[in-house]
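Q: Provide a 3D model corresponding to the input given below.
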Amino acid sequence: MRLLQAFQYGRWVTFQQWVATLITERFGTQTALANAIGLQLTPFTRGVAVGTFNVMNLLRLARAAEASPSMVLRLAGKGQEADLIEELYGSGRDALTASQREVVALWDQITEERRAPLLFTMRVYAAAAEGGARPGGGREESPLRRAARRTTTPRAPRGRRPTGAPRRDD
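A: The predicted structure follows:
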């Protein structure tokens, strides 16, 4: 049997490793993931271990995982099916998952002014996920500093009293 792998989190993983990571990070138990794709636990564990999932179950797994159907099919050894689906419908690499569409819909409902702190927070988390050192600096830069550097909100100079603030008379 040929070893099928996908690149995830900076390393290559097999179908079984990918499912195990999915259970650990998103579903908590095998039973929860099995229920999410409409299977009992025994057929689910057999399907993962032996690779007996049919295309329908793999597509349900992709939906539950919010992963690319083509990637899941290929990882499970169904490359021809993935090729046919992509031929008919396109690769879907630019398609948004259900949770991404939900975030975009919510984003569209808030004002520009209220988006700024959310964008700042997202940059902090994204910078933390990136990790790594500063180019040419050799030192790690904190994610908070990196995100702050990207913001365009003007700041008051340090040591100065804001305009209109009362004076302190000692």
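
Q: which helices and strands does the biggest helix by length in the chain pack with?
A: Longest helix of the chain, by residue count under DSSP state H: helix 112-130. On a contact count with 3 or more C-beta pairs under 8 Å, 6 or more residues apart in numbering; DSSP states H and E, helix 112-130 meets helix 143-150. Backbone N, C-alpha and C define where each C-beta goes, glycine included.

Q: tell me the average confidence for the helix it packs on?
A: What helix 143-150 shows for mean pLDDT is 60.

Q: using CSV, write down the CA coordinates of the longest helix of the chain.
A: C-alpha atoms of helix 112-130 as CSV (Å, rounded to 0.1, in the frame of the first residue of the first chain):
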residue,chain,number,x,y,z
GLU,A,112,-15.3,50.2,10.2
GLU,A,113,-14.6,51.8,13.5
ARG,A,114,-15.5,48.6,15.4
ARG,A,115,-13.5,46.5,13.0
ALA,A,116,-10.1,48.1,14.0
PRO,A,117,-9.8,46.4,17.5
LEU,A,118,-10.9,43.1,16.0
LEU,A,119,-8.4,43.3,13.2
PHE,A,120,-5.7,44.2,15.8
THR,A,121,-6.6,41.1,17.8
MET,A,122,-6.6,38.9,14.7
ARG,A,123,-3.1,40.2,13.8
VAL,A,124,-1.9,39.4,17.3
TYR,A,125,-3.1,35.8,17.1
ALA,A,126,-1.8,35.4,13.5
ALA,A,127,1.6,36.7,14.4
ALA,A,128,1.7,34.3,17.4
ALA,A,129,0.9,31.4,15.0
GLU,A,130,3.6,32.5,12.6
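
Q: the helices in this structure, which residues?
A: Remark: helices assigned in the chain by DSSP H are 15-22, 30-36, 41-50, 55-65, 69-75, 79-89, 98-108, 112-130, 143-150.

Q: any idea which of those is most buried?
A: When the helices of the chain are scored by mean count of other C-beta atoms under 10 Å, the highest mean neighbour count falls to helix 69-75 (a mean of 22).

Q: confidence score at Gln8?
A: For Gln8, pLDDT reads 52.

Q: I misspoke; the intended subject was Phe53.
A: 94.

Q: phi, psi of Ile110?
A: Torsion angles at Ile110 (phi, psi; degrees, to the nearest 10) stand at phi -110, psi 160.

Q: show me what contacts it?
A: Leu118 (C-beta atoms under 8 Å, 6 or more residues apart in numbering).
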